[in-house]
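Asks: got a predicted model here, sequence first, then my questions.
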Amino acid sequence: MKERDLKRAYNNVLAQAISSSHQYLFAGNLFGDIFVLRLKELDQSSEEPPGKLKLFPQGGHVDINCLAFHGNFLIVGAVGLIYGLLWNEKEETLGPKRSWEIKIPMQVDSVEVPDVNFIWLNHDTNTLFAGCGDGVIYQVSLEDGRIQREYRGHTDYVHSVVGNEAGQIFSGAEDGTVRIWSTTQQEATGLLEPYKNPKLLRPDWGKWIGAVAVNDDWLLCGGGPKASIYHLRSMECSRVFDFPGRVHVCDFVDDCVFIGGEHNHVQSYTLNGTLQANIPVEHTACYSTVWQPAPIKLMSIAGFSNKLHILKDFRFLDSKIELYGNIVGEEDKADAEDEDLNEEHLISQAA
Amino acid sequence: MEDILNKQFDQLQKAIDGIMDLKAKGQSSEEARTSATLMFVALKHANREVKQKIKAGRDKLHLEKNKVDLSRLQLQNLLYEVSHLKKEIIRCQKFKSRDTHLELLSEGDYADRLPNLPAAKEDMSSHKKHLHRLECELRLRKDLDKQYSALLNSKQELLQDNLSQTQRYISFAPALRTLLGATQPLHDALQLSLDVEWKLSAVVKYLPKPLYILFINLQSIQRISDDHTFASEVVGYESEAQMQDLLKEKRSASLQRLKAEDEMDESSKSTLDKALLPHPLHIRITIGAAGSNQLILLIRYFELIKCAAVWAQMNLAGNNGGDTNFVHNILRHLYANDLGNEIPIPGMQYELQNSNISAEECLAHLEAKDFGKPYCWLQGMCSIPTVNSSMVYNHELNLNKNTREIIARISSRWNSWLKLSQQIRGLMYKDVDLYTLKENIYPAGLSCSLVQWTVITLEEFHAQNSDVLKISSDDKGVTYSIYRAVIVRGSAKMECFIRVPSNYPLEIPLWILNVHWNGCHTSQNNSAIKMMEFWTNSLQPTQLEDNERILYAQLFRTIYSFDIFLETEGSIQSTIEYNKEKPYISAFAKRSRARPYKYFKKGSVYAFKQ
């Protein structure tokens, strides 16, 4: 199979981010490519298809595990490092060079370079929280790029990190626990183990927690165990959601609970647990949702397929946007590389 | 006037009467006589006046008469003219322009062909438009005529040139002959066998021109390359060729008669048979060393369609059967967009139209008679100018390089297909030693085993609902053969559907995986399977080392990936069926919980990673 077709067939988008201007959507995949979509294209009421995407390759060896946007910078979480790329809004280009780079320190006992699996930004304090493959959450100052502190406690890699205004940090990990941290205390202040709850456990799928979300009163988490919400003060499980697949993304959206994962639908529930929307998706598994209420209200769902799914009212599928095969200038390149890819190898073999 | 005269006569009468009276009375009439004589003067004056008036009247009459005569003449003229015009009208009505027989192009076409001509105006009458078109046609024809005569001239010049060159060469002949005779002892001393070669080419000279060029080229390439990767020979009898030449002469003599006969009493099928008879001599190219598997190309030339066609055969050393279709696939996919589905000779379809044969019929006939297909690359080898399906004209002039390249290409494709079919045969009869494969160096080995490898139909394959199949590269006439492999470990079973494209090795086999274990897992519902499929399909031939085989390498990747899938998946099951045997560090990583399918080797340490 040619590389082009291979990428289209097996495009795995793990990360998305929306620019500070709320006008651009970034999506990064495991082939090290960042796609940029102009959101205005989607807002048009006309029937014509949206314009093509821009592509900024980061090199085939870079796995783009997570993306975030801060100021003028697109922040990329790769393997063992976090780096920033300058976004030039006028010319709609990403800087070709990394503007800054933060290396995640290797643990003494580890043999692998840790993945940066999840980034949560606290825009008020300009700090970045990175959940990493070594089970540690790193708190990084965005002013000088210094690692301010490490949150240790998870025994396996971290899937998801979020925080709230009260200075609490919540993290879900492969070890099956959700830990609650305070920026002012050394040790974890709370621990949840959903897999120990027989109502939640799905034995064939393991105990890992794939996603965590919080709002003022509630904590939402899920993964191998079913998705469920906990009250923040009592830490009691108050509702279980029947999402039929493994959970990789969940979030509070407009007083509703949005759940996606390894299933051919993403679902939206009310806090009472009634299914509100069941949206069919083409992904083998969903790994990322980003959404904004204004100026252009939309939600984008990405995962293990070559398409972004766009919802404008958070309830019904609005459009699907092809990634590879829908890029500015892709056609010319494709023609050039079409001719006799394997031929040279062949001839050399014969000789 | 009459009054005046009468009055005067009366007066005269009176005067005479008076005189008479006077005479009678005897009175002197002298006075009366004088006055009467004076009256004569007046009479005379009146008389002259009368005469003058008559003359004037006569003159006037004459004038009028003249006028009448003139009008009459004019009338006659006009009448004559009318009759003449009537005749003209009838002639016009009967007139038929010769241009009605001309097939004219449309206005736009002329504008395209004669750009400097003023374009026809919109408001022109149809007649004027027609005239404009005719004028355009005339210019076009004049241009063509000019071209024709120029070409004719250049042809004449070339002929002249040829003639003079030939004469020059002929003038060399006696000198060369004496030289040859004189150097004969030297030949003998050096043991050069020039005579033998001349004998060899005795039959060669009866080859049709394109095949002759091809054969001489092949011979020269063969002679300079010492390794015997291919051999070429002329098949057929000299006598048959001579016979055909004679026949042709005869036929051209009685061409008209024969044509009529053809139309009269022979069915179209047999005319096609007769018309599309290959030249009695053809070339056989054998690729591959004697004793091993050989590819035989039979190249025939067809006078009617003025091109050559090639048919491939296999000569298997071990006589071990197998799929023989692939020999044709090699030729079909040798160059992109050269599938041999049209006759690539410029203008051939018009020539065929004249003899009431369609190009499709010709190709079908060639196919049916096992003469093969007229590929563009083959015409290139024979130095026949071609026009391909996208109307690109090509006339290969660097024959030596081109022919060498094509032969090298065919033989490299042949070798890779041979390897592939050996692999498929090995897989079918489970004659595979996976343990000798390159990636399998780490001690643990494989726990899964291949239990079945069968051929299935394309329909069965398309029943697999996979995203990969929706991503169709533009169809280039590629066909597929499909295989199904079953891999088993414990209670888990994996079905693999393998699609081998006919343009292998330009495209490599595609794998689609289905795992049956605690339900059916495919790339549609399980990301781990999709990653596994990606890992198998992402294997590129460039990553292989020389002695490795693509299908084995893919199978091997698939099998160890399946092992890893079971071992990682098994680690979280409540009842553990599969233990960790492969050296990987973490079973899951990243938010996608990716499995460690990728094989890494660093120094003497092997590991699997995400």
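Replies: Good, I have the coordinates.
Asks: retrieve the pLDDT associated with A:Leu275.
Replies: We have a pLDDT of 92 for A:Leu275.
Asks: so who does it touch?
Replies: A:242, A:267-269 (CB atoms under 8 Å, 6 or more residues apart in numbering or on different chains). Every residue, glycine included, has its C-beta placed from N, CA and C.
Asks: filter these down to the buried ones, PyMOL style.
Replies: The PyMOL selection below is limited to those of the contacts of A:Leu275 classed as buried (16 or more other CB atoms under 10 Å in any protein chain shown):
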select buried, chain A and resi 267+268+269
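Asks: export the contacts of A:Leu275 as a markdown table, with columns for secondary structure.
Replies: Putting those into a markdown table (DSSP: H, G, I helix; E, B strand; the rest coil) gives the following:
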| residue | secondary structure |
| --- | --- |
| A:Asp242 | coil |
| A:Gln267 | strand |
| A:Ser268 | strand |
| A:Tyr269 | strand |
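Asks: wait, which of the contacts of A:Leu275 is closest to chain B?
Replies: Among these, A:Gln267 lies closest to chain B (CB to the nearest CB), at 16.1 Å.
Asks: ok, what's across the strand from that closest one?
Replies: A:Ile259, A:Asn278 (DSSP bridges).
Asks: does it really touch A:Phe243, like I thought?
Replies: Yes - look at A:Gln267 against A:Phe243 with CB atoms under 8 Å: they come within range, at 5.5 Å.
Asks: got any residues that touch both of the two?
Replies: A:Ile259.
Asks: quick check: B:Met39 touching B:Ala15?
Replies: Yes - if you go by CB under 8 Å, B:Met39 and B:Ala15 touch, sitting 5.8 Å apart.
Asks: who has more neighbours, those two?
Replies: B:Ala15 (20 against 17; other CB atoms under 10 Å in any protein chain shown).
Asks: just the element for the more buried one, please.
Replies: For B:Ala15, the element it lies in under DSSP states H and E is helix B:2-25.
Asks: output the contacting helices and strands for the helix or strand following that helix.
Replies: Counting by DSSP H and E, the element after helix B:2-25 in chain order, helix or strand, is helix B:30-94. Judged by 3 or more CB pairs under 8 Å, 6 or more residues apart in numbering or on different chains; DSSP states H and E, helix B:30-94 is in contact with helix B:2-25.
Asks: what residues does the residue in the stretch 101-250 of chain A positioned nearest to chain B make contact with?
Replies: Nearest residue of the stretch 101-250 of chain A to chain B: A:Gly206, at 3.7 Å (CB to the nearest CB). Taking CB under 8 Å, 6+ apart, we find A:Gly206 in contact with A:176, A:195, A:223-224, B:572.
Asks: and it, backbone torsions?
Replies: phi 90, psi -180 (degrees, to the nearest 10).
Asks: kindly report the same for the one 10 residues further on.
Replies: Torsion angles at A:Asp216 (phi, psi; degrees, to the nearest 10) stand at phi -60, psi -40.
Asks: near it, how many other residues are there?
Replies: A:Asp216: 9 neighbours (other CB under 10 Å).
Asks: I'd say it and A:Asn164 touch.
Replies: Yes - between A:Asp216 and A:Asn164 there is a contact under CB under 8 Å: 7.4 Å.
Asks: tell me which helix or strand B:Lys155 sits in.
Replies: Judged by DSSP H and E, B:Lys155 forms part of helix B:126-190.
Asks: for that helix, name the packing helices and strands.
Replies: helix B:107-113.
Asks: just the buried positions in the helix it packs on, please.
Replies: So for helix B:107-113, counting by 16+ other CB under 10 Å, buried means B:Tyr110.
Asks: report the buried residues of stretch A:102-113.
Replies: Those would be A:102, A:104, A:112, for stretch A:102-113 by 16+ other CB under 10 Å.
Asks: kindly report the same for stretch A:183-200.
Replies: Neighbour-count burial for stretch A:183-200 [16+ other CB under 10 Å]: A:183, A:188, A:192, A:194-195, A:200.
Asks: again with stretch B:561-573
Replies: Here stretch B:561-573 shows B:561-570, B:572 as buried, counting by 16+ other CB under 10 Å.
Asks: ok so B:Asp99 is a helix residue?
Replies: Yes - under three-state DSSP, B:Asp99 falls within a helix.
Asks: right, and it touches B:Leu134 too?
Replies: Yes - contact criterion CB under 8 Å: B:Asp99 and B:Leu134 qualify, at 5.6 Å.
Asks: about what we covered before: looking at the buried residues of stretch A:102-113, spot the one nearest B:Arg91.
Replies: A:Ile102 (102.5 Å; CB to CB).
Asks: isn't there a strand covering that closest one?
Replies: Yes - assessed with three-state DSSP, A:Ile102 lies in a strand.
Asks: partners of the nearest residue to it once chain neighbours are set aside in the sheet?
Replies: Computed as CB to CB, 6 or more residues apart in numbering or on different chains, the closest residue to A:Ile102 that is not its neighbour in sequence is A:Ile82, at 4.6 Å. Here A:Ile82 sits in beta bridges with A:Gly77, A:Ile102, going by DSSP bridges.
Asks: lowest-pLDDT helix or strand in chain B?
Replies: Ranked by mean pLDDT, DSSP states H and E, the weakest helix or strand in chain B is helix B:255-265, scoring a mean of 48.
Asks: actually chain A, sorry about that
Replies: The helix or strand of chain A with the poorest confidence is helix A:343-350; it has a mean of 44 (mean pLDDT, DSSP H and E).
Asks: and the pLDDT for residue 202?
Replies: Using chain A here. For A:Arg202, pLDDT reads 90.
Asks: I was thinking of chain B, sorry if that wasn't clear
Replies: pLDDT, B:Ala202: 71.
Asks: and what of the one 5 residues further on?
Replies: B:Leu207 is assigned a pLDDT of 84 by the prediction.
Asks: does it touch B:Glu233 like I think?
Replies: No - with contact defined as CB under 8 Å, B:Leu207 does not reach B:Glu233; the gap is 11.6 Å.
Asks: give me the common contacts of the two.
Replies: B:Ile283.
Asks: neighbour count winner among these two?
Replies: A count of neighbours by other CB under 10 Å puts B:Leu207 above the other of B:Leu207 and B:Glu233, at 23 against 15.
Asks: contacts only, for that one.
Replies: By CB under 8 Å, 6+ apart, the contact list for B:Leu207 reads B:215, B:234, B:241, B:279, B:281, B:283, B:301.
Asks: next one: phi and psi at the residue lying closest to A:Gly71 once chain neighbours are set aside?
Replies: Nearest non-adjacent residue to A:Gly71, counting by CB to CB, 6+ apart: A:Ser20, 6.5 Å away. Here is the backbone geometry of A:Ser20 (degrees, to the nearest 10): phi -60, psi -30.
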